[in-house]
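Visitor: got a structure for you, letters missing:
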């Protein structure tokens, strides 16, 4: 199989995947027409929204190979919930985020498959090795979006963790100045938008959920679930317990802020103590040999020159 054939097959595969991602507008228009004419039931509206979110790639995979569909698509409710929660933790809360992520996994897997095939052809591998390189490229491409999503979620969680103490201090000031907890959350979310964007977004979402009629406890628990941080879960528990037992919310928030600062200082001290151990390897491999050359090099050169000038010493 020459280079031109592989390139053509790769372009056809990528084109098929991209074309399959496009939503089926005809089916959506038909369902809307039936809904407006009164022929559809109440579930048709839900089907329309779901079809708008879903891609034709998922339907194609379902019809072609159920086994591949099980590998690519999140079929069960638990898998869909976990993927949606992980995307929300990384900051992707759009309705199409799950579909786009799954489609990106398919596209990157196809690209990895093509790159593996090209590498095998250029390296002159036999058929078995070529199939192995192709499978490795497809598998690596399929898993690459998962690693990227994990890194994005971890980075966002670290940003939220760094902004918690300052946010709690501002909440303490707001509550002590006479604002209610909901008003304090809204005010802090607006004030921290320029400094800690991710945490501000989560607080704004919790405030909007409360304004829409969702109980405050549920909206705060949703915020803790989206962030995925133990510190936020602890903060939500402290707020709910303070309201339940009638204790001072400002005092609870102040204690929580002090606790977070203590944990952050302890984490910094732990990282500082680990630095000496982490420096051992680069010191031994790079710095010590260079110091040996700089310090012992002139002496070695003088010894070699002395041996050349005085043959009796040799």
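Guide: It's in. The structure displayed is predicted, hence computed values, not measured ones.

Visitor: Against residue 93, how distant is residue 85?
Guide: According to C-beta to C-beta, to the nearest Å, residue 85 and residue 93 sit 10 Å apart. (C-beta placed from N, C-alpha, C; glycine too.)

Visitor: Overlap in contacts, those two.
Guide: residue 226 (C-beta atoms under 8 Å, 6 or more residues apart in numbering).

Visitor: Please identify the helix or strand for residue 223.
Guide: Per DSSP states H and E: residue 223 is located in helix 216-227.

Visitor: list the buried ones in that helix?
Guide: 216, 219-224, 226-227 (16 or more other C-beta atoms under 10 Å).

Visitor: As a markdown table, those with pLDDT and distance to residue 138 would be great.
Guide: Putting those into a markdown table (pLDDT from 0 to 100; distance: C-beta to C-beta, whole Å) gives the following:
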| residue | pLDDT | distance to residue 138 |
| --- | --- | --- |
| 216 | 87 | 47 |
| 219 | 90 | 42 |
| 220 | 90 | 43 |
| 221 | 91 | 40 |
| 222 | 90 | 37 |
| 223 | 90 | 38 |
| 224 | 89 | 37 |
| 226 | 89 | 32 |
| 227 | 89 | 34 |
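
Visitor: what's the most distant pair in those residues?
Guide: Largest separation among those by C-beta to C-beta: 216 and 227, giving 16.8 Å.

Visitor: Can you report how many residues lie near residue 230?
Guide: Counted with other C-beta atoms under 10 Å, residues neighbouring residue 230 total 11.

Visitor: What distance do you get for it to residue 129?
Guide: Computed as C-beta to C-beta, the residue 230 to residue 129 distance reads 47 Å.

Visitor: do residue 270 as well
Guide: 46 Å.

Visitor: Confidence-wise, which helix or strand of the protein is lowest on average?
Guide: Lowest by mean pLDDT, DSSP states H and E among the helices and strands of the chain is helix 43-53, with a mean of 45.

Visitor: what about the strands in the chain?
Guide: Counting by DSSP state E, the chain has no strands at all.

Visitor: Would you list the phi and psi of residue 90?
Guide: phi -80, psi -10 (degrees, to the nearest 10).

Visitor: show me the contacts for it.
Guide: Applying C-beta under 8 Å, 6+ apart, the residues near residue 90 are 149, 152-153, 156.

Visitor: mind listing which of those are in helices?
Guide: Counted as lying in helices by DSSP state H, out of these, are 149, 152-153, 156.

Visitor: Where neighbours are concerned, which of those residues has the most?
Guide: That'd be residue 156 among these, by other C-beta under 10 Å, with 23 neighbours.

Visitor: and it, what does it touch?
Guide: Here residue 156 is in contact with 89-91, 198 (criterion: C-beta under 8 Å, 6+ apart).

Visitor: about what we covered before: run the chain-centre distance for the helix holding residue 223.
Guide: Chain-centre distance of helix 216-227: 19 Å, with C-alpha atoms, centre = their mean, to the nearest Å.

Visitor: Touching that helix from outside, list them.
Guide: Against helix 216-227 from outside (C-beta under 8 Å, 6+ apart): 85, 88-89, 93, 157, 160, 181-182, 202-203, 205-207, 209-210, 214, 232-233, 235-236, 239-240.

Visitor: Could you list the low-confidence segments of the chain?
Guide: 1-76, 311-314 (pLDDT under 70).

Visitor: nearest spatial neighbour of residue 168, skipping sequence neighbours?
Guide: Once flanking residues are discounted, residue 168 sits nearest to residue 257: 3.8 Å by C-beta to C-beta, 6 or more residues apart in numbering.

Visitor: measure that neighbour to residue 229 for me?
Guide: Residue 257 is 15 Å from residue 229, by C-beta to C-beta.

Visitor: Likewise for residue 307?
Guide: Distance, residue 307 to residue 229, by C-beta to C-beta: 67 Å.

Visitor: got it, and residue 285?
Guide: The value you get for residue 285 to residue 229, if C-beta to C-beta is used, is 37 Å.

Visitor: So which of the two has more stuff around it?
Guide: Neighbour totals were compared for residue 285 and residue 229, and residue 229 leads with 20 against 9 (other C-beta under 10 Å).

Visitor: for that one, what are its contacts?
Guide: 157, 160-161.

Visitor: Format these as TSV; extra columns: neighbour count and distance to residue 176.
Guide: Converted to TSV, the contacts of residue 229 look like this (neighbours: other C-beta atoms under 10 Å; distance: C-beta to C-beta, whole Å):
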residue	neighbour count	distance to residue 176
157	18	29
160	25	24
161	19	24
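
Visitor: Same list as before, the residues you listed that is, but in CSV and with distance to residue 123 included.
Guide: What follows is the contacts of residue 229, written out as CSV (distance: C-beta to C-beta, whole Å):
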residue, distance to residue 123
157, 41
160, 46
161, 45
